[in-house]
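Peer 1: sharing a model that was predicted from the sequence below.
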Amino acid sequence: MTSLTDRTSTTGERAGPAADPDTGADSARRDSDLRVIDVTKRFGERVALDRVSFTVPQGTITGFVGNNGSGKTTSIRIITGLLHPDEGQVHVGSEEVSDAFRAAIGYMPEERGLYPDMKVEQQLVYLARLYGMPKAEARDEVAAWIERLAIGQYRASKLNTLSLGNQQRVQLIASLLGGPRMVILDEPFSGLDRAAVTAMSEILHEAAGRGTGIFFSSHQLDLVDSICERAVILKDGRVVAEGPVDELRDRGGAVAMVTFGDGSAPGAEELAAAVPGARLLHGTTFAVPCDTDSSARVLRECLRFGDVTEFSRRRQTLSDVFAEVSSDDGDEEQ
Ligand SMILES: Nc1ncnc2c1ncn2[C@@H]1O[C@H](COP(=O)(O)OP(=O)(O)OP(=O)(O)O)[C@@H](O)[C@H]1O
């Protein structure tokens with residue numbers, strides 16, 4: 001059976017890793033990083049993207065987060081060539097992205113893009129053949145993926161008879177067939193059960209380890225936090241944060257989780273007026289920016305409002321960073 005990890009393709013661009021991570025070919029990798037440069041897109045009066053720039057490096061998993069309507073799908077459509085920007089460019093390395101590169105991107109659209117009436121195995125083999133694989137290799141690779149993603153019982157079923165989560169597994173296979181250099185997934189984890197999330201994230205890590213650039217949008221910040229090395233955060237069509245997840249988490253310092261006893265919790269605005277940056281997480285628990293030096297003062301301020309039943313400092317999560325840069329007063333910080 002074909003190995004899922006050391007495939008070579010007979011097509012030019014969809015041909016496995018762009019650079020061997022073990023050969024130290026960093027410059028070769030940078031030459032094939034995908035760069036969105038100053039992209040603006042308008043729909044009539046509406047500015048969907050406003051001078052958006054970010055990089056998707058080869059060999060890493062980059063998460064793309066932002067509220068509904070912030071411009072994620074529009075950005076992805078521009079990268080894949082489904083939409084044209086009004087201004088700006090998309091580059092691979094220092095060159096404008098070629099049609100051949102775009103055609104070879106493993107793409108999983110939000111609305112999913114497969115043939116609903118076609119049988120699972122049949123359409124995956126058909127797609128693999130379109131990517132230039134010989135028939136026997138296509139069959140072997142598809143069989144291996146079907147087994148890996150535990151959907152063997154559906155191989156002869158029409159796609160539209162599968163559950164949403166199983167359709168997503170099929171779509172993931174379609175986007176990885178032939179070892180693409182770049183994989184772009186729009187909300188790949190939405191609606192998946194835990195086993196599917198684990199399987200999918202393992203597969204994405206393996207693909208990144210082979211040098212593939214992985215870029216996916218998600219509303220699930222905890223997943224982006226745990227899976228991605230890098231993140232791009234969009235707000236209202238603008239990039240408000242980008243970089244290694246670890247650096248983004250460290251940028252804002254630590255936070256204290258403060259829980260008030262029942263009946264003594266202040267309103268969110270009230271607490272934020274006394275302790276800048278305080279925000280309600282759930283129930284009577286707030287997240288409050290809090291460095292080592294300021295923790296005694298922050299605790300004193302909180303105690304002025306009522307009983308504090310829990311007070312613990314921790315490193316920021318991506319969710320904290322997102323809340324901070326997505327808030328209206330985060331605007332000035334960029
Ligand atoms: N074809 C279109 N015509 C007009 N407006 C559009 C079109 N496509 C997107 N928009 C607008 O552009 C903005 C960005 O939309 P986009 O779908 O890119 O956001 P998103 O971040 O993917 O949102 P979601 O998380 O809800 O999927 C929104 O205001 C949307 O209404």
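Peer 2: Thanks, I have the structure now. Residues are numbered from 1 along each chain as shown.
Peer 1: please count neighbours and contacts with C-alpha atoms only from this point.
Peer 2: Will do.
Peer 1: show me where the stretch 101-250 of the chain has strands.
Peer 2: Under the criterion DSSP state E, counting those that start in this stretch, strands of the stretch 101-250 of the chain are mapped to 106-108, 182-186, 213-217, 230-235, 238-244.
Peer 1: in TSV, list those along with mean pLDDT and mean neighbour count.
Peer 2: Converted to TSV, the strands of the stretch 101-250 of the chain look like this (pLDDT from 0 to 100; neighbours: other C-alpha atoms under 10 Å):
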stretch	mean pLDDT	mean neighbour count
strand 106-108	86	25
strand 182-186	93	25
strand 213-217	95	26
strand 230-235	95	25
strand 238-244	95	19
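Peer 1: could you report the neighbour count for Ala202?
Peer 2: Careful, residue 202 is Glu and not Ala. 13 (other C-alpha atoms under 10 Å).
Peer 1: what's the spacing between the residue nearest to Ile37 when sequence neighbours are not counted and Ser75?
Peer 2: Nearest residue to Ile37 in three dimensions, chain neighbours excluded: Ser53, at 4.5 Å (C-alpha to C-alpha, 6 or more residues apart in numbering). Noted for Ser53: a distance of 10 Å to Ser75, by C-alpha to C-alpha, to the nearest Å.
Peer 1: what of Gly209?
Peer 2: Relative to Ser75, and taking C-alpha to C-alpha, Gly209 is found at 25 Å.
Peer 1: so if I had to pick from those two, which one is more boxed in?
Peer 2: Each of Gly209 and Ser75 has its neighbours counted (other C-alpha under 10 Å); Ser75 has more, 25 against 19.
Peer 1: now stretch 239-258: buried residues?
Peer 2: Buried positions in stretch 239-258, judged by neighbour count with 16 or more other C-alpha atoms under 10 Å: 239-243, 245-246, 248-249, 252, 254-258.
Peer 1: quick one: terminal-to-terminal distance for that stretch?
Peer 2: 30 Å.
Peer 1: that stretch: how far from the chain's middle?
Peer 2: 16 Å (C-alpha atoms, centre = their mean, to the nearest Å).
Peer 1: Gly93 contacts Ile37, doesn't it?
Peer 2: No: taking contacts as C-alpha atoms under 8 Å, Gly93 lies outside contact range of Ile37: 11.4 Å.
Peer 1: which residues does the residue nearest to Ile37 contact?
Peer 2: Arg35, Val36, Ile37, Asp38, Val39, Val239 (C-alpha atoms under 8 Å, 6 or more residues apart in numbering).
Peer 1: could the residues you listed go into CSV alongside distance to the ligand and secondary structure?
Peer 2: Compiled in CSV, the contacts of Ser53 are given as follows (distance: C-alpha to the nearest ligand atom, whole Å; DSSP: H, G, I helix; E, B strand; the rest coil):
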residue, distance to the ligand, secondary structure
Arg35, 18, strand
Val36, 15, strand
Ile37, 17, strand
Asp38, 16, strand
Val39, 13, strand
Val239, 12, strand
